[in-house]
Structure formats: structure tokens, C-alpha cells
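>>> build me a model:
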Amino acid sequence: MGESSNETGQLMANVVVDYNFYLLVMIAIVVYRMAVKHLPSRGQQTVLIVLSAFFLAQFSKAPVFTVAVIHGFKFYWLPNGIPHFFLLMLCYVAGAVGIGAMMNRIKEKQQRRPLLLIGSALAVGTLILFKYDSYTHVLFGEASWLDELSAWHWVGLSYTTFRGIDFLLAMRSGRVKEFSIIASLAYMLFFVPIAAGPINRYQPFLKGYKKKDDSLWDLIRLRDNFFRASIGILKILFLAKWAYYNSILADEFAAAGSPSFLELTWGLYAYYLFIYFDFSGYCDCVIVIANCFGITLPENFRYPIISSSIQDFWNRWHISLSHWCRDHFFFPILTSLSKRASWIPQIVASSIAIFITFAIIGAWHGDTIYWFLYGCYHGLGLAVFQIYNHLLKAYCPDFRDRMQQNWVYKAAMIFITFNFVAWGLLLTIEFEKAAMLMSL
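Now for the predicted structure:
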């Protein structure tokens, strides 16, 4: 659903509701917009690198702004920042850009493949070492150095990994005609969406710098940005808190004992709404901040609560993640199955590719079995829906078209999809608690 398993990432994501952070961001935006008027694109990117480094450095030492963040009803203070984060980030980015520069020097696309594999392996290996305690203990045993690594709290490592791999894949594809170390550093270090996305891609980022953006001070644009940021803060500070208090996550809910079916249903609905309000509110804020820098971040939510199918849900929920995984996992898996097992019907191969993709998404969310099962749950739901839709289209096309136009059918599908997502959230909590809530 989001980077839920990384508490520090979630906490830092909610820094966007802190007024001191906004004060610094507004100063940075004014400095940046004044500077870019007189600079070419490389100069603009250099200014962005400096500003991004400044903000990222605040997570590594005593912050210039007071880091007071809200998670549920609890306030967390991080007066000493996140140890080692800035140094780790600089080393990671330097390594990724360095591999990209080496790939750029190789003319043959196929000869870039070893560097792509090395870079991707280093990115994934770093992600596992710093984020997934259970995976690393399975691989390396109970080594004490693993506990030391996990204590370093690398903010936004998952999203930095997505960026890094996308950058390496773009370099390997040969579609980047004018490689620039400055542009690559600006992309990898851009601080605004670092904690929890949306996942921005390398090539759209480069294209954005080829367009002149002189409309920041347009009154309509200012009004729209202010309104959207206000809605985002409202979601995080009020709607998400309200939903959290009523959800199965709240201590009061568990203390009340075994809930009735209706109470459990409401608690799961509230859990779903809490994740939506908290995450979409954060995305609203960072999309506005990026827009003020003249950088377009992809939309991450498009009213997922009214999704009419599980497929429609993933076209509306965490869109940047689902599209990234579609391009980098689903299509390659499907292509491989089509080549190596051509005897498998296309609809079956597509369903297998979907299931594997969502099993990976579930494993990415956290190193517990709960989120992995949740990914499998969605993968199975998508596979079943795809087969169901295929059969209707193949054997009952007229009936399918009539049903899709029927408002009763649409309302029923929205209700079913909402409940499929909400009830599936039981898989994300401990089995003992889930059994207690269901009175098993």
C-alpha cells in the first residue's frame, strides 16, 4: 500500500505538515526561481543539487527546522536527525551515477548489461541490508553487525532504490541521448519526494528541464497549489487521525475485546481510510512543492475508493508504484514466459506474471510474512479478475457491455472492490491479533 513497514520513512514523510519545514521550503523556492531565470538547464540543476543536499543533510544532524511529526495520535520528536543518512545517501547516489556514466561510454546496448546487473544487484542488496532485518538474518544468521546497520535508519531507501534502478535501466536502453552527470545527480538527490514517493522517472525528469516554466507566480497556479497543499495537510492532521482512532490499529479498539462483525468491518474500513488519507495527503503536499520548483511529479492517487474492480483499484492507488512494477517486473516476466513457455495460453501467462509481480510488491512492503501474503492476495485477486473479464469478453461480449453500463452493477462492483481491499488488510497484522478480532 505504501512504505508502511518503514516507520522512520513514514515519520519523515509527515514532516510536510511542519510549518518550519514550509518556511524553509518557501525560501528555497524563491532562491531557486530567482536563480533559474539567469541560468541554463545545467546551472538550474546545480542549484537544485545544492538545495536538495541542504535539506537531506537536515536528516543527518540537528535539523535547522524542528522535526515534529505525527503518526496516528502519537507525536515523535527527532532532535538529533537520522544518523549517517546524508553520508549514505551521497555514497549511494555517487555509485549509481558512476555506473550510469560508465554505461554511457559503452556504445553497444548489449555490452551495458553486466553493468546494469551489477548496479541493480548493489541497489537491491543495499535495500535488503538496511531495511529487511528478517531477510538478512536468514541470509547471514544472527550477526551483530546486522543490528548496527538496521539502526542507521536510511530514510526513503525504497524510493531511492526505485529511482536508481530506473536511472540504470534508462541508461542501458540507449534512449538517453545527452547524458549529464549534473542532471543525473539532480534527479537522484531531489529531496521533495524522498521519503515516500511518488516515484518519478529519469527521462520525464530530463524532459521537464527542456521546458520553460515562467508561470509560478500566476495567481491561478498559486491558488491551486495553495488549495491542494491545504487539502493534503487537512488529510494528514485531521482525517487520517480520525480514521486511525476508529481503525483496528488503535489501542482502544483492541482493548474493547472481540468486536462484532459490524464493528470489525468499520475498523477495517477506517484502517483503509487511514492509509489513504495519510499517504495521499503527503503526496498532495510534495506534488505541490515539486511543482513550485518547476518539476512535475506523477499523480499517485485518483479516487481509489470508487474503484470498480481490483484492476481499476491499482490504476488509481499508488499509481507510480504500480506503473513502475508493471514496466520493470510484469512486462519482463510476461515476455520471458511467452518466449520460454510459449505453450502456456496468453491469459494464463499474464495471470502468472501479475501474481509474481504482486508477490514482489508484497515482499517489498516489509520483511514479515504478513505483507507478502497481502501482496499474494492482491495478485490472486487480479489474476482471477483478469480471467473472469477475459471469459466474459470472449463468450458474452454483449452481456459484458450491458453490465458495464448498468449503474446497479457498477455500484455492486465498487462495493465488492472496497471490501476486498479493506478486508484484505487483516493479512497485514499479526495472525494472533487477526484471529482475536475475528473471534476465532
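>>> report how many residues lie close to Ser336.
12 (other CB atoms under 10 Å). C-beta coordinates here come from the backbone N, C-alpha and C atoms, glycine included.
>>> same question but for Thr161, I mixed them up
22.
>>> and if you look at the one 10 residues further on?
Residues within reach of Met171, counting by other CB under 10 Å, total 26.
>>> could you list which residues are in contact with it?
Gly100, Met103, Asn104, Arg112, Leu116, Phe179 (CB atoms under 8 Å, 6 or more residues apart in numbering).
>>> recalculate using a threshold of 10 Å.
Contacts of Met171 were listed using CB atoms under 10 Å, 6 or more residues apart in numbering, and they are 96-97, 99-104, 106, 112, 115-116, 119, 179, 184, 202.
>>> quick check: the two most widely separated of those residues?
Ile106 and Tyr202 (17.7 Å; CB to CB).
>>> between these two, who's got more neighbours?
Taking neighbours as other CB under 10 Å, Ile106 and Tyr202 compare with Tyr202 leading, 22 against 16.
>>> am I right that Ser258 is in contact with Lys433?
No - under the criterion of CB atoms under 10 Å, Ser258 is not in contact with Lys433, lying 11.3 Å apart.
>>> which residue, other than its chain neighbours, is closest to Phe355?
Gly379 (3.9 Å; CB to CB, 6 or more residues apart in numbering).
>>> quick one: that neighbour from Lys131, how far?
For Gly379, the distance to Lys131 (CB to CB, to the nearest Å) stands at 21 Å.
>>> check contacts around Arg228.
Contacts of Arg228 (CB under 10 Å, 6+ apart): Asp284, Cys285, Ile287, Val288, Asn291.
>>> the residues you listed into CSV, with extra columns for neighbour count and secondary structure?
Shown next, in CSV, are these (neighbours: other CB atoms under 10 Å; DSSP: H, G, I helix; E, B strand; the rest coil):
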residue, neighbour count, secondary structure
Asp284, 25, helix
Cys285, 27, helix
Ile287, 22, helix
Val288, 22, helix
Asn291, 20, helix
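>>> now these as JSON lines including distance to Phe86?
Formatted as JSON lines, the contacts of Arg228 follow (distance: CB to CB, whole Å):
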{"residue": "Asp284", "distance to Phe86": "27"}
{"residue": "Cys285", "distance to Phe86": "22"}
{"residue": "Ile287", "distance to Phe86": "24"}
{"residue": "Val288", "distance to Phe86": "25"}
{"residue": "Asn291", "distance to Phe86": "26"}
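>>> quick one: the helices in the stretch 51-200 of the chain?
Secondary structure of the stretch 51-200 of the chain (DSSP state H, counting those that start in this stretch): helices at 85-105, 113-131, 133-140, 144-150, 157-173, 181-189.
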